[in-house]
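Engineer: With the input below, show me the fold.
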Amino acid sequence: MRRHEVTLPDLGIDQPARISLWLVRRGSRVNQGDPLVEVLAGSALVDLPAPIAGTLVQTLVGEDEPVRTGQRLAVIELDQQA
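Structural biologist: Down below sits the predicted model:
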């Protein structure tokens with residue numbers, strides 16, 4: 001199985017961001033574009049979408065933990081047809 005690492009994109013802020021809430025639990029399937037995680041960036045709450053379809057097999061950052069641009073957040077195992 002192929003895996004895809006989900007990273008925090010550049011949100012265009014100078015302050016550290018934080019994981020607010022994982023919207024998908026490990027072992028759950030996601031479609032590309034489905035909301036995956038909420039990130040608190042400054043005073044804005046940003047929903048990050050799943051970049052690919054597959055199964056969320058690992059979260060690498062817990063809720064309320066700080067994150068930085070480019071940091072690995074999760075791993076999605078790609079669907080076989082992907």
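Engineer: show me where pLDDT drops low in this structure?
Structural biologist: 81-82 (pLDDT under 70).
Engineer: Let me see the ranges of the strands in it.
Structural biologist: 3-7, 17-22, 29-30, 35-41, 44-49, 54-59, 66-67, 72-78 (DSSP state E).
Engineer: possible to save those strands as a markdown table with mean neighbour count?
Structural biologist: Using the backbone N, CA and C atoms, a C-beta is placed for each residue, glycine as well. Below are the strands of the chain laid out as a markdown table (neighbours: other CB atoms under 10 Å):
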| stretch | mean neighbour count |
| --- | --- |
| strand 3-7 | 16 |
| strand 17-22 | 17 |
| strand 29-30 | 18 |
| strand 35-41 | 19 |
| strand 44-49 | 14 |
| strand 54-59 | 18 |
| strand 66-67 | 16 |
| strand 72-78 | 18 |
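Engineer: from what I can see residue 21 touches residue 37, true?
Structural biologist: Yes - the criterion here is CB atoms under 8 Å, and residue 21 meets it with residue 37 at 7.1 Å.
Engineer: how near is residue 61 to residue 79?
Structural biologist: Distance of residue 61 to residue 79, computed by CB to CB, to the nearest Å: 24 Å.
Engineer: so who does residue 32 touch?
Structural biologist: 49, 50, 51, 52, 53 (CB atoms under 8 Å, 6 or more residues apart in numbering).
Engineer: Of the residues you listed - the most surrounded one?
Structural biologist: Of the contacts of residue 32, residue 50 is surrounded by the most neighbours, 22 neighbours in total, counting by other CB atoms under 10 Å.
Engineer: Contact partners for it?
Structural biologist: Contacts of residue 50 (CB under 8 Å, 6+ apart): 6, 24, 30, 31, 32, 33, 34, 35, 36, 56, 76.
Engineer: Name all residues that make contact with residue 46.
Structural biologist: By CB under 8 Å, 6+ apart, the residues touching residue 46 are 11, 38, 39, 40.
Engineer: what bridges to it?
Structural biologist: Legend: beta-bridge partners of residue 46 under DSSP bridges are residue 39.
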